[in-house]
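>>> 3D model of this:
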Amino acid sequence: MTADLHSTHVSATGATEHTKASGNAALAQAATALPPITLEEMDGVKLLNRIDTKYVTNEATLLQLLSDAQAAGYRALETAGSKISRYHTVYYDTDNLQMFLDHHNKRLVRQKVRTRVYVNSGDTYLEIKRKNNHGRTKKKRTSIPESELMDFSLDAAATGYLSRHSAFTAEQLSPALSTGFSRITLVNSAMTERLTIDTGLSFENHRTGHKATLHDAVIIELKQDGRAASQMKNILLERRVKPLRISKYCIGTTLTNQEVKHNRFKEKVRAIEKIINRQITQYD
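The predicted model follows:
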């Protein structure tokens, strides 16, 4: 492992591709074994006193966690006949990456603006995430055509929505970073917590042209009712999966843009490398 966060990508061998395919098959099998929950049922999970905690692990540990979750009665969201959903997200920012820098500089009140296509369903949204000075995050979204994923500036309804719910206008923003990942969403039997599990994370920087992948890293976000005990927290603790505050946008930008200020996020990158026991790579 090296401190160089911007290393040269080495092409995968056939053996590596075989291992990846085997891992994907095992993950799909583990997800399929979980009983399903519909989107309508999951929307009924109202976490009014919500606490969000993020964790990072690897795919080998994830397989154990899914087995534990099945034994504990967790159900997996099923959409379009699948319990693994593919997401493609485009983060927007100003020319000087103001939203990235607000996060880096620990500004309490900050925003993210992104478009996202939920690949399984084809639904596409403009999404605005706002964090207040109490650490609470609220998300608002409005539907847009998939053709506007990379540019919604000519859509009067979308730009008006952005102006009403964001500190930025469409003229100030352009695509900064794309992310792709697959997601498994779990809900406990008591309907007091949701768990999103993201795998296969990759990034493409629209300002530099560089790309990166997190290999078999897994980002987990636990959303729980703060008034109820969390069985999943105990499961994660037993599997030695520790909390790690992480932003996909900030990590992806750090990995693909050598010029941007990123001292605060170096430690996060090294922590991920330690978890997956390999160096994160960048490539063109």
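>>> so how far is the first residue of stretch 185-194 from its last?
7 Å (Cα to Cα, to the nearest Å).
>>> what do you get for stretch 79-88?
16 Å.
>>> cool, and stretch 226-233?
This stretch, stretch 226-233, spans 12 Å end to end (Cα to Cα).
>>> Now do the buried residues in it.
For stretch 226-233, the neighbour count (16 or more other Cβ atoms under 10 Å) marks 230-233 as buried. Quick note: C-beta positions are derived from backbone N, CA and C, even for glycine.
>>> gap between that stretch and the chain center?
Relative to the mean C-alpha coordinate of its chain, stretch 226-233 is positioned 22 Å out (Cα atoms, centre = their mean, to the nearest Å).
>>> Ala76 in helix, strand or coil?
For Ala76, the assignment made with DSSP: H, G, I helix; E, B strand; the rest coil gives strand.
>>> gap between it and Arg107?
36 Å (Cβ to Cβ, to the nearest Å).
>>> cool, and Phe203?
Counting by Cβ to Cβ - Phe203 and Arg107 are separated by 23 Å.
>>> quick one, which of the two is more surrounded?
Phe203 (24 against 14; other Cβ atoms under 10 Å).
>>> tell me the contacts of that one?
177-179, 211-213, 248, 251-253, 255-256 (Cβ atoms under 8 Å, 6 or more residues apart in numbering).
>>> what number of residues lie near Thr32?
Residues within reach of Thr32, counting by other Cβ under 10 Å, total 13.
>>> Isn't it up against Lys83?
Yes: using Cβ atoms under 8 Å, Thr32 is in contact with Lys83, at 6.2 Å.
>>> Name all residues that make contact with Asn96.
By Cβ under 8 Å, 6+ apart, the contact set of Asn96 is empty.
>>> can you rerun that using 10 Å?
Val260 (Cβ atoms under 10 Å, 6 or more residues apart in numbering).
>>> now Thr159
Residues near Thr159 by Cβ under 10 Å, 6+ apart: 126, 152-153, 169-171, 173.
>>> Tell me which two of those sit farthest apart.
Farthest-apart pair in the contacts of Thr159 is Leu126 and Glu171; separation 15.1 Å (Cβ to Cβ).
>>> the more surrounded of these two?
Applying other Cβ under 10 Å to Leu126 and Glu171 shows that Leu126 carries more neighbours, namely 27 against 8.
>>> The more buried one in helix, strand or coil?
Leu126 carries the three-state label strand when classified by three-state DSSP.
>>> swap in the one 3 residues further on?
Secondary structure for Lys129, judged by three-state DSSP, is strand.
>>> tell me, how many neighbours does it end up with?
For Lys129, the tally of surrounding residues (other Cβ under 10 Å) stands at 17.
>>> same check, this time on Glu41
Neighbour tally, Glu41, other Cβ under 10 Å: 13.
>>> Test my guess that it contacts Thr185.
No: at 11.5 Å, Glu41 does not count as touching Thr185 under the criterion of Cβ atoms under 10 Å.
>>> list the residues that contact both of these two?
75, 77.
>>> Please name the residues that touch Asp95.
172-174, 176, 207.
>>> quick one, helices of the stretch 151-284 of the chain?
Using DSSP state H, counting those that start in this stretch, the helices found in the stretch 151-284 of the chain span residues 156-165, 231-238, 248-256, 263-276.
>>> starting at the chain centroid, how far to the last one?
Right, the one you point to is helix 263-276. 16 Å.
>>> Grab the CA positions of it and hand them over as CSV.
This file holds the C-alpha atoms of helix 263-276, laid out as CSV (Å, rounded to 0.1, in the frame of the first residue of the first chain):
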residue,chain,number,x,y,z
ASN,A,263,-6.0,16.8,2.7
ARG,A,264,-9.0,16.0,4.9
PHE,A,265,-10.0,13.1,2.8
LYS,A,266,-6.6,11.4,2.5
GLU,A,267,-7.2,9.5,5.7
LYS,A,268,-10.5,8.3,4.4
VAL,A,269,-8.9,6.9,1.3
ARG,A,270,-6.2,5.1,3.3
ALA,A,271,-8.8,3.7,5.6
ILE,A,272,-10.7,2.2,2.6
GLU,A,273,-7.5,0.8,1.2
LYS,A,274,-6.8,-0.9,4.5
ILE,A,275,-10.3,-2.5,4.6
ILE,A,276,-10.0,-3.9,1.0
